[in-house]
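>>> just the structure for this:
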Amino acid sequence: MKVHFIAIGGSAMHNLAIALHKKGYKVSGSDDEIFDPAKSKLEKYGLLPKEIGWNKDNITKDLDAIILGMHAKNDNPELIKAQEMNLKIFSYPEFLYEMSKDKERIVIGGSHGKTTITAMILHVMNKMNIDTDYMVGAQLEGFEVMVKISEKAKYIVLEGDEYLTSPIDLRPKFHLYKPNIALISGIAWDHINVFPTFEIYVNQFKIFCQKIEEGGSLIYCMEDQNVKEVAQNARQYIKKLPYNIIPHRIENGITTIIWKGKEYPISIFGNHNLMNLYGAMLVCQEIGISNDDFLNSIGSFTGASKRLELVKKNGNVAIYKDFAHSPSKLKATISALKDQYPQRKLVAAMELHTFSSLTKEFLLQYKGAMDKADYAIVYFNPHTIAHKRLPAITPDEVYTSFGRKDIKVCTDSNEVIKAIKENKWENSNLLMMSSGNFDGISFEKLADELI
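Modelled structure (predicted):
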């Protein structure tokens, strides 16, 4: 097959392009901006466009399919030409479903935790030598790319994002996968630019449950009241398996799972990860992996990239980076570090970076989100707000939203570094949280300077 990607530089898009290239497809692509790691990876496989930008000459009648990314707009010249030529146009979720119609589809949904749960399942399946296809939203240890599609694998594990599918298909991505096994990890309002009320957002998860194949399974976090209500009202003729925090103990900074009289030390920590682990175990149980095999295999799982990822540590200081940006993620990540290291001071810095977090109405959701940190810093870049064409917000509005008198609000990343370095770095931990990078702060360089 000959396939062209419109917006090949996207996180999932460039990985799908590489997966199809490795499968033997003839792949081309275009984009108006491509950054690392996508740029380097596409270049490695000879898939990096020769020129940046859109060119309708890329669209030719010999193309078997167009795969359209969300980054493109509906007036994209290449898209318009493809439509005029009546070429087959897929979003990447549509294409993944087409490739997996004959497989057992495992779809992990939720406002938070879905990347980690997907990564846990893949880690265990890999350890157990169970061949599977997959799509996951982060680079995983032991996996070259984030997407794999093959002819032989019986299973496909898909991270089920609730954001929109493409500029011409406004359904959430996870509505397209029709799972045999589904999981919902949590529901906390996000993506307010496309789901303007919490009720509309929750409804997307109700629809997701309706898409589960008859006779399938729904695994859900019963600690989340919103998830619990959605699951309990989900369609009949599916199996429902609830989970919560798996039994454990924490001693000397090590978390150990206690299951049916046996102990299993693990590398990850935090109540949110202990729930993620339980959910992943139930998914694996549904495909025939015993709980004992799962727990023995998960011990070597160190986490998905940027999900409570250790940057550097010594005997009394540890520095972590995390993808957390929504209020629920901040609370969970901060709590995890405080519970794991109760005797250490925690310095937590977060960047307001996403569309939702930079919106004045949504800022109010952050009240109390950083209360468990001993020292809290919030950063935002006014230029990012302008680039996203959002109304300006002020440091005072951010300060008021978090509801904490001693919180420090910065609009220059150098101020963030200065505020961090002002702390005494003994018996302390640092947590840097963002879906961005604080406008160029090198976490590794900062760690070297602190330790």
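>>> beta partners for the nearest residue to residue 341 once chain neighbours are set aside?
Among residues not flanking residue 341 along the chain, residue 429 sits closest, at 5.7 Å (Cβ to Cβ, 6 or more residues apart in numbering). (Glycine included, C-beta is placed from N, CA and C.) Listed beta-bridge partners, residue 429: residue 318, residue 346 (assigned using DSSP bridges).
>>> for residue 429, give me its contacts.
In this structure, residue 429 makes contact with 317, 318, 319, 320, 337, 341, 344, 345, 346, 347, judged by Cβ atoms under 8 Å, 6 or more residues apart in numbering.
>>> ok, now with 10 Å
Residue 429 is in contact with 313, 316-320, 337-338, 340-341, 344-348, 373-374, counting by Cβ atoms under 10 Å, 6 or more residues apart in numbering.
>>> repeat that for residue 439.
Residues 351, 353, 379, 380, 381, 383, 384, 412, 413, 414, 416 are the ones in contact with residue 439 under the rule Cβ under 10 Å, 6+ apart.
>>> filter those down to the buried ones, PyMOL style.
Here is the PyMOL command that picks out the buried ones among the contacts of residue 439, judged by 16 or more other Cβ atoms under 10 Å:
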select buried, resi 351+353+379+380+381+384+413+416
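>>> give me the neighbour count for the residue nearest to residue 110 when sequence neighbours are not counted.
Computed as Cβ to Cβ, 6+ apart, the closest residue to residue 110 that is not its neighbour in sequence is residue 185, at 3.1 Å. Using other Cβ atoms under 10 Å, residue 185 has 26 other residues around it.
>>> residues touching residue 185, list them.
Applying Cβ under 10 Å, 6+ apart, the residues near residue 185 are 108-117, 219-221, 223-224, 227, 243, 272, 275-276, 279-280.
>>> if we use 7 Å, what do you get?
Residues near residue 185 by Cβ atoms under 7 Å, 6 or more residues apart in numbering: 110, 112, 113, 114, 117, 221, 276, 279.
>>> then residue 125?
Neighbour list for residue 125: residue 132 [criterion: Cβ under 7 Å, 6+ apart].
>>> surely it is in a strand?
No. According to DSSP: H, G, I helix; E, B strand; the rest coil, the state of residue 125 is helix, so it is not within a strand.
>>> strands of the stretch 151-300 of the chain, start to end?
Listed in chain order, the strands of the stretch 151-300 of the chain (DSSP state E, counting those that start in this stretch) span 155-160, 164-166, 169-172, 181-184, 217-221, 239-243, 248-251, 254-259, 262-266.
>>> could you list the buried residues of stretch 150-162?
Counting neighbours by 16+ other Cβ under 10 Å, one finds that the buried residues in stretch 150-162 are 153, 155, 156, 157, 158, 159, 160, 161, 162.
>>> keep only those of the contacts of residue 439 that are in helices.
Counting by DSSP state H, the members of these that fall within helices are 383, 384, 413, 414, 416.
>>> TSV please, covering these and showing distance to residue 148 and pLDDT.
Output for these, formatted as TSV (distance: Cβ to Cβ, whole Å; pLDDT from 0 to 100):
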residue	distance to residue 148	pLDDT
383	38	91
384	34	89
413	36	96
414	41	96
416	38	97
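>>> just those now: which is nearest residue 67?
residue 384 (28.3 Å; Cβ to Cβ).
>>> show residues contacting the lowest-mean-pLDDT helix or strand in the chain.
Among the helical and strand segments of the chain, the one scoring lowest on mean pLDDT, DSSP states H and E is helix 382-387, with a mean of 89. Applying Cβ under 7 Å, 6+ apart, the contact partners of helix 382-387 are 353, 358, 392, 393, 411.
>>> what's the ChimeraX line that selects buried ones from the residues you listed?
Buried members of the contacts of helix 382-387 can be picked out in ChimeraX with the line below, counting by 16+ other Cβ under 10 Å:
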select :353,358,393
